[in-house]
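> Structure for the following, please:
(one chain, ligands or ions: 1)
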Amino acid sequence: MLHLRNLSCGYTRRPVVSDIELGVRAGEFVCLLGPNGSGKTALLKTLAGILPPLAGDIRLDGAPLAHRRARERARLLAYVPQAHAPVFAFSARDVVVMGRAAQWPVWGGPRSADWRAADEALALVGLGAFAERLYTRISGGERQMVLIARALAQQARYLVLDEPASSLDFGNQVRVLQTLRRLAREGIGILMATHHPEHALRCATRVAIMRGGRLAPARAPAEALTAEALEEVYHVPFVVSDLPSSGDGAASSPIRVCAPIIN
Ligand SMILES: Nc1ncnc2c1ncn2[C@@H]1O[C@H](COP(=O)(O)OP(=O)(O)OP(=O)(O)O)[C@@H](O)[C@H]1O
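Below is the predicted model of the structure:
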């Protein structure tokens, strides 16, 4: 379990979000929603070890994350950043294999098992043909897919993703969400920030909403994502409705959809 207790996060010594209480269990898919600037990235960067916690603690399977060595942390938790400015002209495959750095020998580079994992991860996000393309010469959406592949190659037990679908076309959004859902079913714990309530309705086991410097307790998607709640968060009118399921059989449940009302 990834357990955040009384956690405060921020970029300076002043917290942008305080007193966070959240648990993400193995196999859970928790979506984090909130308006621009509410502190979602600050929280995820704190989990990734990029920002220090300003108060409280982060525990993984009962032990404080801060007490674990970098290599051990990398085996436990992988992070997909929101945006990544490329610096060096590595190939996509090189970038993905770097996700395996915690598995390399201390004094060595990637071994054949690491390259195999990198190739599998690239194939999983449909980027097999991009392996040798330079990371500096692919589109923003393709780079985002490479970063997702890098995190998948890491084969960590928890995945923390910052708006992974923000630059992706509709098909890739769905493919990435399907992959994440499958990973959650296989026992990976997922915490994903998103600006798409629709994605949270489709994928999340629980939804937590951040705003005003606080994180509301995570709840079931249908409870957290009502029209009233969405209107309160985004200050625009929403409609939330149930469509009959397209699946067969009496057991198939309706599909809940939500959309902003644009006049
Ligand atoms: N590098 C920084 N230094 C200082 N303050 C920052 C920095 N980056 C962001 N902030 C501020 O911290 C607050 C939280 O920003 P953060 O990026 O964590 O929010 P967010 O919920 O992820 O936003 P978005 O949905 O726009 O990505 C905002 O007020 C923002 O202006």
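
> Buried residues of stretch 5-23, list them for me.
For stretch 5-23, the neighbour count (16 or more other C-beta atoms under 10 Å) marks 7-10, 15-18, 20, 22 as buried. Heads up, the C-betas are built off the backbone N, CA and C, glycines and all.

> Check those and tell me the two furthest apart.
Using C-beta to C-beta, those span at most 16.7 Å, a distance reached by Gly10 and Leu22.

> so what's Tyr11 up against?
Tyr11 makes contact with 42, 51, according to C-beta atoms under 8 Å, 6 or more residues apart in numbering.

> One more pass at 10 Å, please.
By C-beta atoms under 10 Å, 6 or more residues apart in numbering, the contact set of Tyr11 is 39, 41-42, 45, 51, 54.

> ok, and which of those reach the ligand?
39, 41-42 (C-beta under 6 Å from any ligand atom).

> Alongside the ligand, which residues does the stretch 1-150 of the chain contribute?
The stretch 1-150 of the chain comes close to the ligand at residues 11-12, 16, 34, 36-42, as judged by C-beta under 6 Å from any ligand atom.

> where exactly do the strands run in the stretch 1-150 of the chain?
2-9, 17-24, 29-33, 55-60, 63-64, 77-80 (DSSP state E, counting those that start in this stretch).

> any idea how far the helix or strand encompassing Val257 is from the chain center?
Per DSSP states H and E, Val257 falls inside strand 255-260. Strand 255-260 sits 21 Å away from the centroid of its parent chain (C-alpha atoms, centre = their mean, to the nearest Å).

> That strand packs against which elements?
helix 197-203, helix 221-224, helix 227-234, strand 238-243 (3 or more C-beta pairs under 10 Å, 6 or more residues apart in numbering; DSSP states H and E).

> Can you say which of the ones you listed is nearest to the ligand?
Evaluated with C-beta to the nearest ligand atom, the helices and strands packed on strand 255-260 place helix 227-234 nearest to the ligand, the distance being 11.4 Å.

> mind saving the C-alpha coords of the closest one as PDB?
The C-alpha trace of helix 227-234 is given here as PDB (Å, rounded to 0.1, in the frame of the first residue of the first chain):
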ATOM      1  CA  ALA A 227     -22.800  17.000 -11.900                       C
ATOM      2  CA  GLU A 228     -22.900  19.100  -8.700                       C
ATOM      3  CA  ALA A 229     -19.400  18.100  -7.600                       C
ATOM      4  CA  LEU A 230     -18.000  18.700 -11.100                       C
ATOM      5  CA  GLU A 231     -19.700  22.100 -11.300                       C
ATOM      6  CA  GLU A 232     -18.200  23.000  -8.000                       C
ATOM      7  CA  VAL A 233     -14.700  22.100  -9.100                       C
ATOM      8  CA  TYR A 234     -14.800  23.500 -12.600                       C
END
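
> relative orientation of it and strand 255-260 in degrees?
Counting by axes from the mean of the first three to the mean of the last three C-alpha atoms, to 10 degrees, helix 227-234 lies at 40 degrees to strand 255-260.

> which residues sit against helix 227-234?
Contacts for helix 227-234 (C-beta under 10 Å, 6+ apart): 33-35, 38, 195, 197, 207, 209-211, 216, 219, 223-226, 236-241, 258-261.
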